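Novice: pasting the sequence and the predicted model now:
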Amino acid sequence: MTLLLGCLSLVVAPGVTPVTQPTLADLPLSAKFRAPEGWRFLVTQGPPVDDPRGDGTEKAPGEVRLCLTRDGGRTCRPALDTILTARAAAGPFDRPHYLLAARIVLARPNRPILLVQAASLPGGNGDRLIGTMALAYDRATDTFVMVYSKQTGSNNNQEVRYIDRGPLRGAIVSAEPTADAPYAFWITVNRLGAAGRYAQILRYRSATRYGDGNPVAVIDSETPGLQRRLGLWKPGAPLPVPDGSCGKPRLKHGALWCG
């Protein structure tokens, strides 16, 4: 059985000494999703592992277990083992070892979504897999269903972002590098459809170029062009700028620059 004690969980089996596992997240879900009592999102981390990049003397953070559960973590429904890879036999760099995000958002009024991001151990070049999932509650089956899933690397300014505010609120936008010159990014916009799942509504090659020196994040630099394509912004109107400081916003070759 599993007993939650503060920020630790005790995994207990008959005849086995209890092992404490740090709890990285414990989100009650029933009230927000109007689901039966007992639903929670639990994330625990296993013991440190041998760092696969080293000589066996150094340790890396343990694997994290992502669990949507209604019985305190004994069973996970659904299992989120594929957050980083859909392959049946995952290698040491294909398993989640870092929890990056776990939060509940309102993609539409009365449509809560559980957003989860996790990452693998970094490889020798520092690159790592990052997986993003969005899950919604299905009342008919009394379980959570995946409504969005995306895996990326991390070394080439890739990003998957849920949009919290503005005309694209509730959308999920991703930026991934192109494989051919002139090197840029594929910008993809997904919105929640009538069936309750995210669907692609836009994909285009960015005005932002890889290595152009623009310090603005790719998705932010592409926001004017992205919104123009969706009819949400017109040239001549104030530029849509990212949160925080963006002094002297301007368009340069179709991309947003600040300062």
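Specialist: Received the coordinates, thanks.
Novice: for this structure, what spans make up the helices?
Specialist: 30-33, 218-229 (DSSP state H).
Novice: quick one: end-to-end length of stretch 237-256, please.
Specialist: From its first residue to its last, stretch 237-256 covers 14 Å (CA to CA, to the nearest Å).
Novice: and what of stretch 53-60?
Specialist: Length of stretch 53-60, first residue to last, CA to CA: 9 Å.
Novice: check stretch 49-63 too.
Specialist: So stretch 49-63: terminal residues 8 Å apart, CA to CA.
Novice: please identify the buried residues of that stretch?
Specialist: Going by neighbour count (16 or more other CB atoms under 10 Å), the buried part of stretch 49-63 is 51, 60, 62, 63. Backbone N, C-alpha and C define where each C-beta goes, glycine included.
Novice: neighbouring contacts of that stretch?
Specialist: Stretch 49-63 is contacted from outside by 45-48, 92-93, 95-98, 121-124, using CB atoms under 8 Å, 6 or more residues apart in numbering.
Novice: go again using 10 Å as the cut-off
Specialist: 21-22, 44-48, 91-93, 95-98, 120-125 (CB atoms under 10 Å, 6 or more residues apart in numbering).
Novice: still on that earlier bit, nearest to residue 192, out of the helices of the chain?
Specialist: When the helices of the chain are compared by CB to CB, helix 30-33 sits nearest residue 192, at 15.0 Å.
Novice: ok so, going back, tell me the most buried of the helices of the chain?
Specialist: helix 218-229 (a mean of 22; mean count of other CB atoms under 10 Å).
Novice: tell me what that one is packed against?
Specialist: Helix 218-229 is packed against strand 159-162, strand 172-177, strand 185-192, strand 198-205, strand 250-252, strand 255-257, with contacts defined by 3 or more CB pairs under 10 Å, 6 or more residues apart in numbering; DSSP states H and E.
Novice: one more time with 7 Å, if that's ok
Specialist: Counting contacts by 3 or more CB pairs under 7 Å, 6 or more residues apart in numbering; DSSP states H and E, helix 218-229 is packed against strand 159-162, strand 172-177, strand 185-192, strand 255-257.
Novice: mind putting the ones you listed into TSV with mean neighbour count and distance to residue 231?
Specialist: Listed next are the helices and strands packed on helix 218-229 as TSV, based on neighbours: other CB atoms under 10 Å; distance: least, CB to CB, whole Å:
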stretch	mean neighbour count	distance to residue 231
strand 159-162	18	21
strand 172-177	21	16
strand 185-192	20	13
strand 255-257	21	18
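Novice: let me have those strands in a markdown table, extended by mean pLDDT and distance to residue 107.
Specialist: As requested, the helices and strands packed on helix 218-229 are exported to a markdown table (pLDDT from 0 to 100; distance: least, CB to CB, whole Å):
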| stretch | mean pLDDT | distance to residue 107 |
| --- | --- | --- |
| strand 159-162 | 98 | 8 |
| strand 172-177 | 98 | 9 |
| strand 185-192 | 98 | 5 |
| strand 255-257 | 97 | 25 |
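Novice: nearest to residue 74, out of those strands?
Specialist: Each of the helices and strands packed on helix 218-229 has some distance to residue 74 by CB to CB; the shortest is strand 159-162, at 30.0 Å.
Novice: report the distance from the closest one to the chain centre.
Specialist: Relative to the centre of its chain, strand 159-162 is centred 7 Å away, using CA atoms, centre = their mean, to the nearest Å.
Novice: other residues contacting stretch 246-259?
Specialist: Stretch 246-259 is contacted from outside by 207, 208, 214, 216, 220, 221, 222, 223, 224, 225, 239, 241, using CB atoms under 7 Å, 6 or more residues apart in numbering.
Novice: now the residue nearest to the fifth one when sequence neighbours are not counted: phi and psi?
Specialist: For residue 220, ignoring the flanking residues on the chain, the nearest one in space by CB to CB, 6 or more residues apart in numbering is residue 242 at 4.0 Å. In terms of degrees, to the nearest 10, the main-chain angles of residue 242 are phi -70, psi 160.
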